[in-house]
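A.B. asks: structural data only, the sequence is not supplied:
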């Protein structure tokens, strides 16, 4: 923890070297992309994309799950998606899963999650259960099918559905390989994940 504290203490010195950039951030945000990804500490959206402060609006959930839209019981995830689309006017949404995902791996293997009931109950939002090779530690097939399921669910959100129909929004599925740093994007035409 100490290196993180030390960096936080000195961060203002770095920001003082770029006063215009940080002053501009105080005026508001106008990101073009909502980046939905896993809470996993190995996945760092700004590092993967090279985004600067203010360029990505992020939603991080265990297993990059987009829960079903239920207007009577709004969730933090639904509020974040709606705000990004309706207020910030993002033009793209990326759902980014990753290799070696613990959440998807647990689903693929059918792990007993009774010791972590909140995790178990959260993962029920990942229906249908992703299929993959149980022996694959990277759970590549499972994660990629899971990404596609989350994209379908995302498309069912009223604000997303409306903007897609108007041609004002694009949704993309990405797969980040933790062990190589490669990013693959889902190609609708070939229905496969290809190098960006």
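C.D. replies: Right, received. Where do you want to start? This one's a predicted model, so the numbers in the text were calculated from it and none came from an experiment. Residues are numbered from 1 along each chain as shown.

A.B. asks: check contacts around residue 163.
C.D. replies: The neighbourhood of residue 163, defined by C-beta atoms under 8 Å, 6 or more residues apart in numbering, consists of 85, 169. (Glycine included, C-beta is placed from N, CA and C.)

A.B. asks: same check on residue 151?
C.D. replies: Going by C-beta under 8 Å, 6+ apart, residue 151 touches 95, 171, 173, 186.

A.B. asks: secondary structure element for residue 111, which one?
C.D. replies: Using DSSP states H and E, residue 111 sits within no helix or strand.

A.B. asks: skipping adjacent residues, who's closest to it in space?
C.D. replies: residue 105 (7.8 Å; C-beta to C-beta, 6 or more residues apart in numbering).

A.B. asks: can you report how many residues lie near the one you found?
C.D. replies: Neighbour count of residue 105, defined by other C-beta atoms under 10 Å: 21.

A.B. asks: and it, that one's in a helix?
C.D. replies: Yes: according to DSSP: H, G, I helix; E, B strand; the rest coil, residue 105 belongs to a helix.

A.B. asks: can you give the strand pairings for the host helix or strand of residue 93, parallel or anti for each?
C.D. replies: Per DSSP H and E, residue 93 falls inside strand 92-98. Sheet pairing for strand 92-98, assigned by DSSP bridges, gives strand 33-38 (parallel), strand 170-176 (parallel).

A.B. asks: which of the ones you listed is buried the deepest?
C.D. replies: strand 33-38 (a mean of 24; mean count of other C-beta atoms under 10 Å).

A.B. asks: and stretch 124-142, what's buried?
C.D. replies: 125, 126, 129, 130, 132, 138, 139, 140, 142 (16 or more other C-beta atoms under 10 Å).

A.B. asks: quick check: the closest residue in space to residue 154 that isn't next to it in sequence vs residue 97, distance?
C.D. replies: Spatial nearest neighbour of residue 154, excluding adjacent residues (C-beta to C-beta, 6+ apart): residue 66 at 4.9 Å. Distance of residue 66 to residue 97, computed by C-beta to C-beta, to the nearest Å: 11 Å.

A.B. asks: chain center to the strand holding residue 93: distance?
C.D. replies: Here strand 92-98 is found 5 Å from its chain centre; the criterion is C-alpha atoms, centre = their mean, to the nearest Å.

A.B. asks: list the contacts of it.
C.D. replies: 32-38, 40, 42-43, 45, 48, 63-64, 66, 81, 84-85, 104, 143-144, 146-147, 150-151, 154, 160, 169-178, 183.

A.B. asks: got it, and stretch 61-80?
C.D. replies: By C-beta under 8 Å, 6+ apart, the surrounding residues in contact with stretch 61-80 are 34, 36-39, 57, 59, 81, 95-98, 101, 103-104, 107, 119, 122-123, 125-126, 146-147, 150, 153-154, 156-158.

A.B. asks: what about it, start to end distance?
C.D. replies: End-to-end span of stretch 61-80 (C-alpha to C-alpha, to the nearest Å): 11 Å.
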